[in-house]
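Colleague: quick one: sequence and predicted model below, then my questions.
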Amino acid sequence: MSLYVTKFGGSSVASLERISSIAARIKTMLEAGNELVVVVSAMGDTTDDLLEMASSIGDNLSCREMDMLLATGEQQSAALLALTLNKMCVEAISLTGWQAGIKSDSSYNKARISGIDNDRIRNELAKGKVVVVAGFQGLSPEGDITTLGRGGSDTTAVALAASLKADRCIIFTDVDGVYTADPRIVKEARKLERISYEEMLELASLGAVVMQPRAVEFAMLFNVDVEVSSSFNHQPGTIITGVSDMEHQKVVQGIAHDLNCARIGIFDVPDRPGIAKALFSGLAEERINVDMVIQAAMRDGRNDIAFTIERNELSRALPVVERLVQEIGATGISYADNVAKISVVGAGMKSNPGVAASVFSALADEDINIQMISTSEIKISCIIDETQTKQAVAALHRKFKLAEDE
Ligand code: ADP
Ligand code: ASP
Ligand code: MG
C-alpha cells in the first residue's frame, strides 16, 4: 500500500463537474489499494475574485482580515470534494489547514509553514478515509489564520508529503508536466521527463508558476519525489527529483518569464559606505522584496542604482523610495512597470562558458533591448520591455534548441 499526497489546483476544481471528475480519479487510486491525502486549491478564480471584492473596500486593508477572507476559498472546495466523494460511497473527511495541524509563522499573506502536527490526518487515514485538506492556509502562533502566498497549495501538499513520509506527492494541474517554457506562450515547448530540484527551484522562482518556489524548497530539503501531472488526462507527467548523473546535466533546461516585475532607478546616489545599507534595509523594513540590483560606474562621487521589485508592490514601494532618496541625498527616481524578466536556466551552465553570449545574441537578433542583467551559477536573467516577452522566450527557446528531444 502506498501513501500519496495529491494536490488539485484551481482549474482542476473549477466547477462541480470538475470536482466530480477528480473524485472519480481519487476513487480509482483508492481502489488500487493506496492511502490518499488530497490537497485542494480554491475553485477557479475564487482567490482573485475575493481579492477584487475586498479591494473595493479601500486601500491598506488589514492583512489579518485578508487572510481570514482568502482562506475561505479553499474551505469551499475541500468540503465540496468530500461531499462528492461521500456520494460516490468513498469515505472522506475535509479538514482546514489548522485542523490538519499546519502551523505557520505570523507573516500574513505570505506565511511560511513552521511545523505540522499530523496526528489528526494519521487517525483519519487509519479509519480508511480519504483526507481532503484545504491548501494555502495555516495557523500562526497567536492562533490566527494565515495564508501561504499565491500558489501556496503546492507548498501545503509537499510539506504534508514530507511530514507523512508519503511515497510521492502528485501535483495535478492544467498542464501535463513541466515544460521547457510555458506551453501557453511557446507552442513548441517540450515536456520534460525529469527535472532536478535545483533547476525547478530556479524556474519556479523566476516565474514558472506551475510550482510555488517554497514547495520545491520543501521537496529538496526533505527529499520528496514530486510528480507534476494533468488532472485533465492520463499522460505521464514530470518527476522533480535529485540528480545523480552530473554528466547529463543540460546546459539549458528551460526558459521562464515573469511579468510581475517593476524597475526603479535612483539617480546620483552619493558614493560612500553605508548608503546601500540605508536604502535596502529601509525597503526590507517595509517588507518590499528587492530582486535584481545594478549600480552604475561612479562619476563625480555619485552613482545611479537600479533595482527590480514585484510589480504589485510598486505603489507601496514608491513613497518609501521617495523618502529614502531624501534621506540619502540622491537627486531623483524613475520607475517602469511595463517590464518583464526572462530567464534561461540549466545546471550544465556551470561548466559551459558562452551561454550568456548566446542569450544576448538571440535577443539582439530580435532587436530586443536588455535593460538589466543578472546571473547566477545556473541562470541568466534579463529585464526587457514586457511587450517583447513572447518574442524573447520563443527566440531563446529556438537558440538553445529546446524543442528537440533530449
Ligand atoms: P494550478 O491552478 O493547478 O496551481 P497554475 O496556474 O498555478 O495551476 O500552474 C499551471 C500553469 O503554469 C500552466 O497553465 C502554465 O501556463 C504555467 N507554466 C508556466 N511555466 C510553465 C512550465 N515551464 N511548464 C508548465 N507550465 C508552466
Ligand atoms: N488559491 C490560492 C491562489 O490562487 C492558492 C493556490 O491556488 O495554490 O493563489
Ligand atoms: Mg498553482
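Modeller: Nice, I can see it. Numbering: from 1, shown residues only. Ligands and ions are numbered 1, 2, ... in the order given.
Colleague: got the contact list for the helix or strand where Ile294 lies?
Modeller: Assigned by DSSP states H and E, Ile294 belongs to strand 290-295. With Cβ atoms under 8 Å, 6 or more residues apart in numbering as the contact definition, strand 290-295 has outside contacts at 261, 276, 280, 283-284, 303-310, 341, 372-374, 381, 383. For glycine as for every other residue, the C-beta is placed from the backbone atoms N, C-alpha and C.
Colleague: list buried members of those by neighbour count.
Modeller: Among the contacts of strand 290-295, those buried by neighbour count (16 or more other Cβ atoms under 10 Å) are 261, 280, 283, 303-310, 341, 372, 374, 381, 383.
Colleague: which residue, neighbours along the chain excluded, lies closest to the closest residue to ligand 3 within the stretch 201-350 of the chain?
Modeller: Going by Cβ to the ion, ligand 3 is nearest to Val209 of the stretch 201-350 of the chain, at 5.7 Å. Residue nearest to Val209 in three dimensions, not counting chain neighbours: Gly151, with 6.1 Å by Cβ to Cβ, 6 or more residues apart in numbering.
Colleague: helix, strand, or coil at that neighbour?
Modeller: Classification of Gly151 using DSSP: H, G, I helix; E, B strand; the rest coil returns coil.
Colleague: I'd like the distance between it and Ser163.
Modeller: Here Gly151 is placed at a distance of 19 Å from Ser163 (Cβ to Cβ, to the nearest Å).
Colleague: how about the strands in the stretch 151-300 of the chain?
Modeller: 168-173, 194-196, 226-230, 238-241, 254-258, 262-270, 290-295 (DSSP state E, counting those that start in this stretch).
Colleague: quick one, which of these is nearest to ligand 1?
Modeller: strand 168-173 (3.3 Å; Cβ to the nearest ligand atom).
Colleague: for Glu406, report the pLDDT, please.
Modeller: Looking at Glu406, its pLDDT is 66.
Colleague: quick check: residues of the protein near ligand 1?
Modeller: 9-12, 41, 151, 173-175, 178-179, 181-184, 208-210, 254 (Cβ under 6 Å from any ligand atom).
Colleague: rewinding a little: among the contacts of strand 290-295, which are in strands?
Modeller: With DSSP state E as the criterion, strands contain 303-309, 341, 372-374, 381, 383 from among the contacts of strand 290-295.
Colleague: re the thing from before, what about the residue of the stretch 201-350 of the chain closest to ligand 3, neighbour count?
Modeller: Around Val209 there are 17 other residues, counting by other Cβ atoms under 10 Å.
Colleague: could you do Val90 as well?
Modeller: Taking other Cβ under 10 Å as the criterion, the count of residues near Val90 is 19.
Colleague: any idea which element it lies in?
Modeller: If you go by DSSP H and E, Val90 is not part of any helix or strand.
Colleague: which residues touch the residue of the chain found nearest ligand 3?
Modeller: When scored by Cβ to the ion, the chain has Gly151 as its residue closest to ligand 3, at 4.0 Å. Residues near Gly151 by Cβ under 8 Å, 6+ apart: 209, 211-212, 215.
Colleague: which one of the residues you listed sits closest to ligand 1?
Modeller: Relative to ligand 1, and with distances defined as Cβ to the nearest ligand atom, the nearest of the contacts of Gly151 is Val209, at 4.5 Å.
Colleague: give me the distance between the closest one and Gln391.
Modeller: Distance of Val209 to Gln391, given as Cβ to Cβ: 20 Å.
Colleague: can you show me the helices along the protein?
Modeller: Listed in chain order, the helices of the chain (DSSP state H) span 16-31, 46-55, 63-87, 119-126, 153-164, 197-205, 213-222, 275-285, 314-328, 355-365, 389-399.
Colleague: return the set of buried residues in the last one.
Modeller: Neighbour-count burial for helix 389-399, counted by 16+ other Cβ under 10 Å, picks out 389-390, 392-397, 399.
Colleague: and what of the first one?
Modeller: Within helix 16-31, the residues that qualify as buried by neighbour count (16+ other Cβ under 10 Å) are 18-19, 21-23, 25-27, 29-30.
Colleague: what's that helix in contact with?
Modeller: Applying Cβ under 8 Å, 6+ apart, the external contacts of helix 16-31 come out as 4, 6, 8, 11-13, 36, 38, 77, 80-81, 84-85, 88, 90, 130, 172, 231.
Colleague: dump that helix to PDB, keeping only the CA atoms.
Modeller: Extracted in PDB, the C-alpha atoms of helix 16-31 (Å, rounded to 0.1, in the frame of the first residue of the first chain):
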ATOM      1  CA  LEU A  16     -18.900  20.700  -9.700                       C
ATOM      2  CA  GLU A  17     -18.300  18.700 -12.900                       C
ATOM      3  CA  ARG A  18     -14.500  19.100 -12.500                       C
ATOM      4  CA  ILE A  19     -14.800  18.100  -8.800                       C
ATOM      5  CA  SER A  20     -16.800  15.100  -9.800                       C
ATOM      6  CA  SER A  21     -14.200  14.100 -12.400                       C
ATOM      7  CA  ILE A  22     -11.300  14.300  -9.900                       C
ATOM      8  CA  ALA A  23     -13.400  12.400  -7.300                       C
ATOM      9  CA  ALA A  24     -13.700   9.600  -9.800                       C
ATOM     10  CA  ARG A  25      -9.900   9.600 -10.200                       C
ATOM     11  CA  ILE A  26      -9.400   9.600  -6.500                       C
ATOM     12  CA  LYS A  27     -11.800   6.700  -6.100                       C
ATOM     13  CA  THR A  28      -9.800   4.700  -8.700                       C
ATOM     14  CA  MET A  29      -6.500   5.400  -6.900                       C
ATOM     15  CA  LEU A  30      -8.000   4.400  -3.600                       C
ATOM     16  CA  GLU A  31      -9.400   1.100  -5.100                       C
END
